[in-house]
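Peer 1: sequence first, then the predicted structure, then my questions.
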Amino acid sequence: MEIYADHAATTKLSPAAAKAYAETAAVYYGNPSSLHSAGQRAQEQLIACREEIASILNVSPREIYFTSGGSESDNQAILSAAHAGAKKGKKKIISTAIEHHAVLHTLEKLKKEGFEIVLLPVGTRGIVSTDDLEAAIDGETALVSVMAANNEIGTIQPIAEIGAVCKRHGVLFHTDAVQAVGHIPVDAKAIGCDYLALSAHKFGGPKGVGVLYCRTGAPLTPLIEGGAQERGKRAGTEDLPAVAAMTAALKESVADMGATEALLRRLQDRLIAGLEEIPHCALNGDRHCRLAGNTSFCFEGIEGESLLLLLDEKGIAASSGSACTSGSLDPSHVLLAIGRVHDVAHGSLRLTLGKENTEEDVDYIIRSVKEVVGYLRNMSPVWRDLQEGKRTYIL
Amino acid sequence: MSLYSEKVMDHFKNPRNVGVIEDADGVGEVGNAKCGDIMKMYIKVRDGILTDVKFETFGCGSAIASSSMATEMIKGKPLDEALTLTNKAVTEALGGLPAYKLHCSVLAEQAVQAAILDYYKKNNIPYDESRFKCALCAHEHDVHGEEE
């Protein structure tokens, strides 16, 4: 039995993407920058991919930049907007407490450069409020960065509303849409964002390739110098096979989106209902406004890493926001941001399903989690204290 | 997973001496839930020998494995010898731990000392404080430090 339930970490390369990769690598091996026919044939493929992805995001092909993935795209967008803002004396950036580290670490770097960083709270539901954004935004604000959907708890952020607020205030808006693209409809024009980051391997594409959408007119400076590729904004020979595979995967994900979402919602309802039978646990993040594939729980009295190891023994690949799984002292910043205290945040479990998962998988996961949580609680002095009334239940 | 040695995985999956000793002669609890690991050690003492040892642990795989290994290493031993157990010995017996997990073996050492100290105190047995440095500082062990 092997059940992969960690699709938010990465996905298996889809057959369509694998085929596109192999074919492109074999046939369109030329360097798209070369003048000869082999190069030009590769260039044509690159253009076709750019057009396809632009059309899916409802933007112009000139606004699509191929990058090495979500982290690079986030870094480039934020640094470009921040430094352009600083030139006009705007040194404030507003973001949220639950962003991916690709965003948060970039913001920390900017803070050291003298930028003011405001991280908006997300409440217990894990959703940022546009009122809070309205209150924080001012004439000093250079950029707003809010993710489209959270990677740990799956909550979907009101990015179209946020886009409207930013537009009204004339502030640049970046969204990290790594977890959203390919899973929920993402129309960059309708959102009104100036930058959008996506990563291929979250929707069946290969690792190491992604996109930065940058609206025409929004500032963009290269992170990598050394060539005229990507309109001079991202040097380096384009990884055409990876771009072709990403395009194929995205096309397929978008075409299947309705059916996949319906399946995943069914599985999610079943999984949440099953896990909620375990006493003293809680679902993390809003129950409804979340990605269909994401189920995140905290279980009181146990620690997440041991839970993951025992689930792995049972053939289940999952993830946790416990400190022990991250190698840091603190549990996930996302769980802390939605009000989970340390004691409970250590006992978190993230299960992210994909279209290959079945009801049988879900039932097996529920049985296994119940068994493992029970087993770990039995040897937990915290659980004993809770049961004996020496400690108060939090969940 | 290859994060841990086979020995660690064995002690994690099949922990020795898990449980509670209801009429324990000494109980030691170290760590805290905020940090994500708590170890509780129960001991039974007869004629200066640890006749029984049991543990309960809230924590990661290496915390559970370290507790299990520590109980195995001290069970049946004289108290004096049990007090010489070091985190290094626990780590070595486990075939090594990842650097950022070494504090788990420290907790095991502290838990053993805390249980023995509790036994001495309960029975008004005079003891040499210098031998309990680890257990006595355990209360301040709120943050995973550089125990290495």
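Peer 2: Cool, got the structure. Here the structure is a predicted model, which is why all the values come from computation and not from measurement.
Peer 1: does any bit of stretch A:295-302 sit next to chain B?
Peer 2: Yes - counting by Cβ under 8 Å from any Cβ of the partner chain, contacts between stretch A:295-302 and chain B involve A:301, A:302. C-betas here are computed from N, CA, C, even on glycine.
Peer 1: now the strands: where do they sit in chain A?
Peer 2: Read by DSSP state E, chain A holds these strands, from start to end of the chain: A:3-4, A:64-67, A:92-96, A:116-120, A:141-145, A:172-176, A:195-199, A:210-214, A:281-283, A:294-299, A:316-317, A:348-352.
Peer 1: which one of the ones you listed lies nearest to residue A:230?
Peer 2: Proximity to residue A:230, assessed across the strands of chain A by Cβ to Cβ, is greatest for strand A:64-67 (4.8 Å).
Peer 1: for the chain, what helix or strand is lowest in average pLDDT?
Peer 2: No chain specified, so I'll use chain A. For chain A, counting by mean pLDDT, DSSP states H and E, helix A:323-326 ranks last in confidence among helices and strands (a mean of 69).
Peer 1: if we can go back for a sec, and the strands of chain A as TSV, adding mean pLDDT and mean neighbour count?
Peer 2: Converted to TSV, the strands of chain A look like this (pLDDT from 0 to 100; neighbours: other Cβ atoms under 10 Å in any protein chain shown):
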stretch	mean pLDDT	mean neighbour count
strand A:3-4	98	20
strand A:64-67	98	24
strand A:92-96	98	25
strand A:116-120	98	17
strand A:141-145	98	26
strand A:172-176	98	29
strand A:195-199	98	31
strand A:210-214	98	28
strand A:281-283	98	18
strand A:294-299	98	27
strand A:316-317	98	19
strand A:348-352	97	28
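Peer 1: geometric centre of chain A: which residue is closest?
Peer 2: With the centre of chain A defined as its mean C-alpha position, the nearest residue by Cα atoms, centre = their mean is residue A:179, 3.3 Å away.
Peer 1: tell me how far that one lies from residue A:92.
Peer 2: From residue A:179 across to residue A:92, the span is 26 Å (Cβ to Cβ, to the nearest Å).
Peer 1: correct me if wrong: residue A:38 contacts residue A:29.
Peer 2: Yes - under the criterion of Cβ atoms under 8 Å, residue A:38 is in contact with residue A:29, at a separation of 6.8 Å.
Peer 1: buried residues, the top helix by length along chain B. List them.
Peer 2: Among the elements of type helix in chain B, defined by DSSP state H, the one spanning the most residues is helix B:102-122. Residues of helix B:102-122 classed as buried by neighbour count (16 or more other Cβ atoms under 10 Å in any protein chain shown): B:102-120.
Peer 1: what's it packed up against?
Peer 2: Where contact means 3 or more Cβ pairs under 8 Å, 6 or more residues apart in numbering or on different chains; DSSP states H and E, helix B:102-122 is packed against strand B:26-32, strand B:37-46, helix B:61-74, helix B:79-82, helix B:87-93, helix B:133-137.
Peer 1: out of the ones you listed, flag the one nearest residue A:355.
Peer 2: Nearest to residue A:355, of all these, is helix B:61-74, at 31.2 Å by Cβ to Cβ.
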